[in-house]
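[1] sequence-free structure coming up:
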């Protein structure tokens, strides 16, 4: 399986299943690599968001002041275009409280799509949701907003903190309506995808038994769950 094929397969799989599979490799504590419940897909009909993080920080509540460092849009666009794709823009809104402005609407989505981005994640605001959904650009955020205010980028290609999670440029992101996670860099994607398919097939034996049998036997469920656990022990 090629790298691109593995990414395409991951884009078909729910984020909780990816989490379950990553958990089995025991590469990090089970509560690490996750954004908090404030961040999730606001356009779940578009399916899971999968890509490599390009990062930046924005402000927008107040107008810029003389001497302030502002990243020009051209600089931002060139950064995203040069990054290995598919990319996901992870934007930390630095205003307190955040989401008083907006950097994501249909125009930004249109441009970033052409630059190789498949979506964006932010603790700030997003808007123009019907138009963005039609474009197929995936968004994860706490809420929608009306106005863009004085939105501007003040830093790019740097660690950011969104939803309580520090994201580094190049981190592999997986997200859907359940939430956002990173996939450990040391985990080969083809191995992860192969294990996920095995995990789902094993899990299905329990689900099928619960749905199809006329006589429900708890002892049999215990046995099925034991077998499921034995079959789904991942090894690097």
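    Nice, I can see it. Bear in mind that the values here come from a model prediction, so they are computed numbers and not experimental data.

[2] For the most centrally placed residue in the chain, list each beta-bridge partner.
    The geometric centre of the chain, computed from its C-alpha atoms, lies nearest to residue 175 (C-alpha atoms, centre = their mean), at 3.1 Å. Legend: beta-bridge partners of residue 175 under DSSP bridges are residue 49, residue 180.

[3] What distance do you get for it to residue 187?
    The span separating residue 175 from residue 187 equals 17 Å under the rule C-beta to C-beta, to the nearest Å. Backbone N, C-alpha and C define where each C-beta goes, glycine included.

[4] same check, this time on residue 144
    If you measure residue 144 against residue 187 using C-beta to C-beta, the figure is 34 Å.

[5] contacting residues around residue 24?
    Listed by C-beta atoms under 8 Å, 6 or more residues apart in numbering, the contact set of residue 24 reads 195, 199, 232, 233, 234.

[6] Show me where this structure has its helices.
    Chain-ordered helices for the chain, with DSSP state H as the definition, fall at 3-10, 15-24, 73-82, 106-114, 129-135, 189-212, 218-231.

[7] List the contacts of the fourth one.
    It refers to helix 106-114. Under the criterion C-beta under 8 Å, 6+ apart, residues 77, 80, 89, 120, 128, 131, 132, 135, 136, 137, 139 lie in contact with helix 106-114.

[8] The fourth one is in contact with residue 132, isn't it?
    Yep, that's residue 120 we're talking about. No: with contacts defined as C-beta atoms under 8 Å, residue 120 does not count as touching residue 132, sitting 9.4 Å away.

[9] Can you report how many residues lie near residue 230?
    Burial measure for residue 230: 9 neighbouring residues, criterion other C-beta atoms under 10 Å.

[10] Show the contacting residues for residue 153.
    For residue 153, the contacting residues are 56, 57, 58, 70, 71, 73, 76, 103, taking C-beta under 8 Å, 6+ apart as the criterion.

[11] if you look at the residues you listed, which of them are in strands?
    56, 57, 58, 103 (DSSP state E).

[12] The second one against residue 92, yeah?
    Translated: residue 57. Yes: under the criterion of C-beta under 8 Å, residue 57 makes contact with residue 92 at 4.8 Å.

[13] Neighbour count for the two, which is higher?
    Set side by side, residue 57 and residue 92 give different neighbour counts by other C-beta under 10 Å, the larger being at residue 92 (24 against 20).

[14] follow-up on the earlier one: quickly list what's touching both of residue 57 and residue 92.
    With C-beta under 8 Å, 6+ apart as the test, residue 57 and residue 92 both reach residue 160.

[15] mind listing what the nearest residue to residue 156 once chain neighbours are set aside touches?
    Take residue 156 and drop its neighbours on the chain: the residue closest to it by C-beta to C-beta, 6 or more residues apart in numbering is residue 56, 4.2 Å away. With contact set as C-beta under 8 Å, 6+ apart, residue 56 has these partners: 71, 76, 89, 90, 91, 92, 153, 155, 156, 157, 158, 160.

[16] please redo it, this time with the cut-off set to 10 Å
    With C-beta atoms under 10 Å, 6 or more residues apart in numbering as the criterion, the residues that contact residue 56 are 71, 76, 79-80, 89-92, 103, 122, 153-158, 160, 169.

[17] Much appreciated, bye for now.
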